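> coordinates only, no sequence provided:
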């Protein structure tokens, strides 16, 4: 759907046309994915760890903050387009920092 976006009345754009009503069109665009078939076969490897806890088990209450580290790699697979990593944690924990490009949402309790 294409819609005209209203601009500032002080600015004049001689190349800008006014769309009388929204115009909708559909089209298919061919692009190369680099995959052997229509569906890409990726080989995703995920490693997760608690920072500064790699060598010893975590003792509940031993620190005020836990840092979760996650490494996602594509091991000799075809490209992975828009992969998603979902981390679930108990409602009793609170995020101290929102990570760029991450979305937090309420879900059932996992604790």
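Okay, I see it. All of these numbers come straight from a predicted model, not from anything done at the bench.
> show me the strands in this protein, by range?
Listed in chain order, the strands of the chain (DSSP state E) span residues 44-50, 68-74.
> now render the ones you listed as JSON lines, adding mean pLDDT.
Shown next, in JSON lines, are the strands of the chain (pLDDT from 0 to 100):
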{"stretch": "strand 44-50", "mean pLDDT": "90"}
{"stretch": "strand 68-74", "mean pLDDT": "90"}
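> nearest to residue 59, out of those strands?
Set against residue 59 and scored by Cβ to Cβ, these come closest in strand 44-50, at 11.6 Å. Every C-beta, even on glycine, is put in place using the N, C-alpha and C of the backbone.
> show me the strands paired with the closest one, marking each as parallel or antiparallel.
strand 68-74 (antiparallel) (DSSP bridges).
> beta-bridge partners for residue 44, please?
For residue 44, the beta-bridge partners under DSSP bridges are residue 74.
> surely it meets residue 73?
Yes. The criterion here is Cβ atoms under 8 Å, and residue 44 meets it with residue 73 at 7.4 Å.
> can you show me the helices along the chain?
Shown for the chain, no helices are assigned by DSSP state H.
> can you pull the poorly scored residue ranges out of it?
Residue ranges of the chain with pLDDT under 70: 1-22, 107-111.
> rewinding a little: got the strands of the chain as JSON lines, with distance to residue 28 and mean neighbour count columns?
Shown next, in JSON lines, are these (distance: least, Cβ to Cβ, whole Å; neighbours: other Cβ atoms under 10 Å):
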{"stretch": "strand 44-50", "distance to residue 28": "28", "mean neighbour count": "11"}
{"stretch": "strand 68-74", "distance to residue 28": "27", "mean neighbour count": "12"}
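> so can I have JSON lines of the ones you listed showing distance to residue 85?
Below are the strands of the chain laid out as JSON lines (distance: least, Cβ to Cβ, whole Å):
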{"stretch": "strand 44-50", "distance to residue 85": "7"}
{"stretch": "strand 68-74", "distance to residue 85": "6"}
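> of all these, which one comes closest to residue 105?
Using Cβ to Cβ, the nearest of the strands of the chain to residue 105 is strand 68-74, at 17.0 Å.
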